[in-house]
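the following comprises the amino acid sequence and a computationally predicted model.
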Amino acid sequence: MLQVQQLFKEMNGRQILNDINFVIEDGGSLAIVGESGSGKSTLAQLIMALKQPTSGHIIFNGQHLPRKGIKAYKKWYRDIQIVFQNTASTLNPALSLFKCLEEPLINFTGLNRTERKKRILEYLDKIGLREELLTSRPGKLSGGQYQRACLAKALMIHPKLLICDEIVSNLDIVLQQRIIELLKSIQQEQGLSLLFITHDLSLVPGLCQDILVMKDGRKIEQFHTSDLHNERARDAYTITLLKSAEMLESKWRMNET
Ligand SMILES: Nc1ncnc2c1ncn2[C@@H]1O[C@H](COP(=O)(O)OP(=O)(O)OP(=O)(O)O)[C@@H](O)[C@H]1O
């Protein structure tokens, strides 16, 4: 279970996160939704220990966010993995895709060479990438292939929590849907907990149980996804986000036909 309690982050005299609180139960899924600059990526970076909070607590299965000690970080990253929108640095451009995918298996699992290869092929199949690509450098992959390879790299070590930071924002609607379907099935298969960060509310129904809306570093509201369209109960800001997501969706559909 992930617990985020009274989380504050100040950078260069600016309050970027202001009293953020939420819980994700084991196997649960939460979408963090907000427009650009609302603090979503900063929140993800804090959970991944890439930045330290100014104050507050981040606790995963009873363990506090590590502040020092390689062992503690290793355990943290074994359990929590992230896939970013801007993934260009996730796969080492000098290595083959196979070597890139093998790296976390060497670092985080006790699998031998044969088992590692088997795991890589298993995930390649899950994400719909051809085996021939394993000998290619990551630079040869298309945007969608690269994004899926990053997802495989994060999932292969069987983390308990996956954070997705705008991972489908740059993809066309067909690939978006494919990745969302993939996340849903892996969530069910592996009992994975999911923190899905997006500015696009239309991606969330069917994927996440709960939605937390953020604006200017503050939590506006949190609700069950089935209550998304209950306009009377929703904050005016959530409704604005919803309308813009609906407009975006119909624009996509017009472009499709
Ligand atoms: N080092 C910094 N010093 C001051 N402000 C910063 C710093 N880094 C980021 N910010 C500001 O923090 C705010 C939150 O940024 P963040 O990237 O977390 O938002 P976001 O919701 O993820 O937006 P996006 O989707 O565009 O990345 C922004 O207004 C950004 O300009």
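Here it is on my side, so go on. Numbers count the residues shown, from 1 in each chain.

which stretches of the chain have low pLDDT?
69, 86-87, 248-257 (pLDDT under 70).

can you pull out the helices in it?
Listed in chain order, the helices of the chain (DSSP state H) span 40-47, 70-79, 97-108, 113-127, 143-155, 173-190, 236-256.

contact residues of the stretch 1-150 of the chain facing the ligand?
Taking Cβ under 6 Å from any ligand atom as the contact definition, the stretch 1-150 of the chain meets the ligand at 11-12, 14, 16, 34, 36-42. (Each C-beta comes from the backbone N, C-alpha and C, glycine too.)

returning to that earlier point: redo the helices of the chain as JSON lines? Include distance to residue 3 and mean neighbour count.
Below are the helices of the chain laid out as JSON lines (distance: least, Cβ to Cβ, whole Å; neighbours: other Cβ atoms under 10 Å):
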{"stretch": "helix 40-47", "distance to residue 3": "11", "mean neighbour count": "22"}
{"stretch": "helix 70-79", "distance to residue 3": "14", "mean neighbour count": "14"}
{"stretch": "helix 97-108", "distance to residue 3": "23", "mean neighbour count": "19"}
{"stretch": "helix 113-127", "distance to residue 3": "29", "mean neighbour count": "16"}
{"stretch": "helix 143-155", "distance to residue 3": "22", "mean neighbour count": "22"}
{"stretch": "helix 173-190", "distance to residue 3": "20", "mean neighbour count": "16"}
{"stretch": "helix 236-256", "distance to residue 3": "24", "mean neighbour count": "13"}
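
for these, which one sits closest to residue 2?
Across these, residue 2 has its closest neighbour in helix 40-47 (7.4 Å, Cβ to Cβ).

which of the residues of the stretch 1-150 of the chain next to the ligand count as buried?
For those, a burial check counting by 16 or more other Cβ atoms under 10 Å picks out 16, 34, 38-42.

out of these, what pair is the most spread apart?
Distances among these were taken as Cβ to Cβ; the most separated pair is 16 and 34, at 12.3 Å.

thinking again about what came up before, farthest-separated two in the residues of the stretch 1-150 of the chain next to the ligand?
12 and 34 (20.5 Å).

beta-bridge partners for the residue sitting nearest the centre point of the chain, please?
Nearest to the mean C-alpha position of the chain, by Cα atoms, centre = their mean, lies residue 164 at 1.0 Å. Note on residue 164: beta-bridge partners by DSSP bridges are residue 83, residue 196.

returning to that earlier point: please produce JSON lines containing the helices of the chain, extended by distance to residue 7.
Formatted as JSON lines, the helices of the chain follow (distance: least, Cβ to Cβ, whole Å):
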{"stretch": "helix 40-47", "distance to residue 7": "7"}
{"stretch": "helix 70-79", "distance to residue 7": "16"}
{"stretch": "helix 97-108", "distance to residue 7": "26"}
{"stretch": "helix 113-127", "distance to residue 7": "32"}
{"stretch": "helix 143-155", "distance to residue 7": "23"}
{"stretch": "helix 173-190", "distance to residue 7": "25"}
{"stretch": "helix 236-256", "distance to residue 7": "20"}
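
looking at the ones you listed, spot the one closest to residue 25.
That would be helix 173-190 among the helices of the chain, by Cβ to Cβ, at 12.9 Å.

what residues does the closest one touch?
Residues from elsewhere that reach helix 173-190, judged by Cβ atoms under 8 Å, 6 or more residues apart in numbering: 27, 29, 126-128, 144, 147-148, 151, 155, 158, 162, 164, 167-168, 171, 192, 194, 196, 203, 206-207, 252, 256.

state the distance from residue 139 to the ligand.
24 Å (Cβ to the nearest ligand atom, to the nearest Å).

what about the residue lying closest to that residue once chain neighbours are set aside, how many neighbours?
Nearest residue to residue 139, sequence neighbours excluded (Cβ to Cβ, 6 or more residues apart in numbering): residue 93, at 5.4 Å. The number of residues packed near residue 93 is 11, by other Cβ atoms under 10 Å.

contact partners for residue 79?
So residue 79 contacts 60-61, 159-161 (Cβ under 8 Å, 6+ apart).
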